[in-house]
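Undergrad: Build me a model:
(4 chains)
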2 protein chains.
Amino acid sequence: MSSVALRKQHIEKVKADIIEAAIEEFGEHGYYGARVQAIADRAGVPKANLLYHFGDKHSLYLNILQATLRRWNSALDTLSEHDDPKKALSGYVALKLQLVFEQPVATRLFAMEVLRGAPSIQGYLKMELKPWLRERVAVLHRWIELGKIQPIDPQVLIFMIWASTQHYAEYVSQIEALTETSPELDEITEALTCLVLNAVGLYGTK
Amino acid sequence: MSSVALRKQHIEKVKADIIEAAIEEFGEHGYYGARVQAIADRAGVPKANLLYHFGDKHSLYLNILQATLRRWNSALDTLSEHDDPKKALSGYVALKLQLVFEQPVATRLFAMEVLRGAPSIQGYLKMELKPWLRERVAVLHRWIELGKIQPIDPQVLIFMIWASTQHYAEYVSQIEALTETSPELDEITEALTCLVLNAVGLYGTK
DNA sequence: GTCTATAGAGTGATAGAC
DNA sequence: GTCTATCACTCTATAGAC
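TA: Here you go, the predicted model:
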């Protein structure tokens, strides 16, 4: 490998380190609470280098938001009409919970962005998540028409699944204060899947 | 009324105005994003007066957090063993949703505090919410033993209700980006109540 | 108690040597 | 590209007149 390529690789490594550090810092303290100096320290680079590579704090923030959404989009492409409702729903719940447990800080980062009014992810919400939601709502409606699930409100169901899964990252500090033992992914997955399947009238048809 | 009493009343009015303004500002921008100057402007008082009455930014923040929790505690004292499960659960969901719709900014304020790691409400969580949760979990267990509801995980159910209701304040900006019409309290209440009752196996026993 | 003016600390961003 | 030193600005908090 040439010297030029090695140098290029090194820069990419540094940038990746900065992105990871930034996700942590922004995810722990929010946009305003995050300190550029703290991100640089976490990544082990001088603050000036960070700003050299990413321009400014806000550009870095946009960068890590998009990096996070890109990771999630590749994983959540599920729930189609021809699937078995029970399999599809429990699979979706399990997958979502797995992502939440694997990336709690990124989950909280996303939550903070939405709490701020989602100013930096309007494009993602309208161009990607909105079509995704419309299609899944349509699938659920089809399942209701075919009598495969009970006549519930599909959109409220999906919001319920989103909220209930993300809760285990967003409210982890509350959960830790309320319970003695940390929640286990397997237990939550089983309990929540049961609730969701009950909710659409699929109980007992294992 | 004496001149002294009038003056005292005026001060209380000013303090109340500041608290309302602070809930708005902190709820919209978070602790670090909130500006003392902006709170003073909203309340219509000079910044120095605000700091004279409340000491500093952090004391003001603690004050409004407690004011918010006090309001909620008086409303959420429900769900007892001898209630009818169906009535109790649907009543609780409806009440929680009503609070969320009435006080969306305060709901987001609370969410941000928890996302920060809940440093300022440990007392509330451990001394008030924890006992409340333990008692309700016990009630739900009793109902399960008596065969009144399906054998679900009570804690996961309560977290689901919390998350699903609060979602309509916390994720309002996402919901607005995803849907054309703003969600109506009545519709959400009916749809979510249906899901929750299904989840515990009370469907169709109206 | 109320207000203006300002101090003091911390932050994002940059200049310029290497 | 990397780094040190520093600027310019913002924000909290206070001093002191009224």
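Undergrad: Just list what the helix or strand hosting A:Ile39 packs against, helices and strands only.
TA: Here A:Ile39, judged by DSSP states H and E, is contained in helix A:36-43. Helix A:36-43 makes packing contacts with helix A:3-33, helix A:47-54, helix A:57-73 when contacts are defined by 3 or more CB pairs under 8 Å, 6 or more residues apart in numbering or on different chains; DSSP states H and E. (C-beta placed from N, C-alpha, C; glycine too.)
Undergrad: That one close to DNA strand C?
TA: Yes - on the criterion CB under 7 Å from any atom of the strand, helix A:36-43 is in touch with DNA strand C at A:36-37.
Undergrad: and that helix, which residues are buried?
TA: Going by neighbour count (16 or more other CB atoms under 10 Å in any protein chain shown), the buried part of helix A:36-43 is A:36, A:38-40, A:42-43.
Undergrad: now stretch A:167-185
TA: A:167-175, A:177-178, A:183.
Undergrad: What of stretch A:50-67?
TA: Neighbour-count burial for stretch A:50-67, counted by 16+ other CB under 10 Å, picks out A:50, A:53-54, A:57, A:60-61, A:63-65.
Undergrad: tell me which of the buried residues of helix A:36-43 is nearest to B:Glu28?
TA: For B:Glu28, the closest of those turns out to be A:Val36, at 23.2 Å, with distances computed as CB to CB.
Undergrad: my read: the closest one touches A:Leu51, true?
TA: Yes - the pair A:Val36 and A:Leu51 passes the contact test of CB atoms under 8 Å, sitting 7.1 Å apart.
Undergrad: need the residues of chain A near DNA strand C, please.
TA: Among all residues of chain A, those adjacent to DNA strand C (criterion: CB under 7 Å from any atom of the strand) are A:34-37, A:47-48, A:51, A:56-58.
Undergrad: rerun at 10 Å
TA: Where chain A comes near DNA strand C, counting by CB under 10 Å from any atom of the strand, the residues are A:25, A:29, A:31-40, A:46-52, A:54-61.
Undergrad: ok so, going back, in helices, which of the buried residues of stretch A:167-185 fall?
TA: With DSSP state H as the criterion, helices contain A:167-170, A:172-175, A:177-178 from among those.
Undergrad: List, out of those residues, those positioned next to chain B.
TA: Subset of these in contact with chain B: A:167-168, A:170, A:173-175, A:177-178, counting by CB under 8 Å from any CB of the partner chain.
Undergrad: Tell me the one of the buried residues of stretch A:167-185 nearest DNA strand C?
TA: Closest approach to DNA strand C among these (CB to the nearest atom of the strand): A:Ser173, at 21.8 Å.
Undergrad: and the nearest residue to the closest one once chain neighbours are set aside, how many neighbours does it have?
TA: Here the nearest residue to A:Ser173 in space, its sequence neighbours aside, is B:Ala118; by CB to CB, 6 or more residues apart in numbering or on different chains that works out to 4.2 Å. Under the neighbour criterion other CB atoms under 10 Å in any protein chain shown, B:Ala118 is assigned a count of 19.
Undergrad: how does chain A divide into domains?
TA: Chain A resolves into domains spanning A:3-67, A:75-199 when parsed by automatic domain parsing.
Undergrad: Show the end-to-end separation of the longest one, please.
TA: The separation between the terminal residues of domain A:75-199, taken as CA to CA, to the nearest Å, is 24 Å.
Undergrad: for the shortest one, same thing?
TA: This stretch, domain A:3-67, spans 28 Å end to end (CA to CA).
Undergrad: That domain near DNA strand D anywhere?
TA: Yes - applying CB under 10 Å from any atom of the strand, one finds domain A:3-67 in contact with DNA strand D at A:4, A:7-8, A:10-11, A:13-15, A:32, A:37, A:40, A:44-53.
Undergrad: Can you tell me how far the closest residue to DNA strand D within chain A is from A:Phe54?
TA: DNA strand D sits closest to A:Ala48 of chain A, with a gap of 3.1 Å, by CB to the nearest atom of the strand. Taking CB to CB, to the nearest Å as the measure, A:Ala48 falls 11 Å from A:Phe54.
Undergrad: Could you do A:Ile149 as well?
TA: 46 Å.
Undergrad: try A:Ser164
TA: Following CB to CB, the distance that separates A:Ser164 from A:Phe54 is 35 Å.
Undergrad: Please apply the same query to A:Thr68.
TA: Here A:Thr68 is placed at a distance of 15 Å from A:Phe54 (CB to CB).
Undergrad: now swap in A:Gln9 and tell me
TA: Applying CB to CB, the value for A:Gln9 to A:Phe54 is 18 Å.
Undergrad: How about A:Arg71?
TA: According to CB to CB, A:Arg71 and A:Phe54 sit 19 Å apart.
Undergrad: And A:Gly30, by the same measure?
TA: Using CB to CB, one gets 18 Å for the distance from A:Gly30 to A:Phe54.
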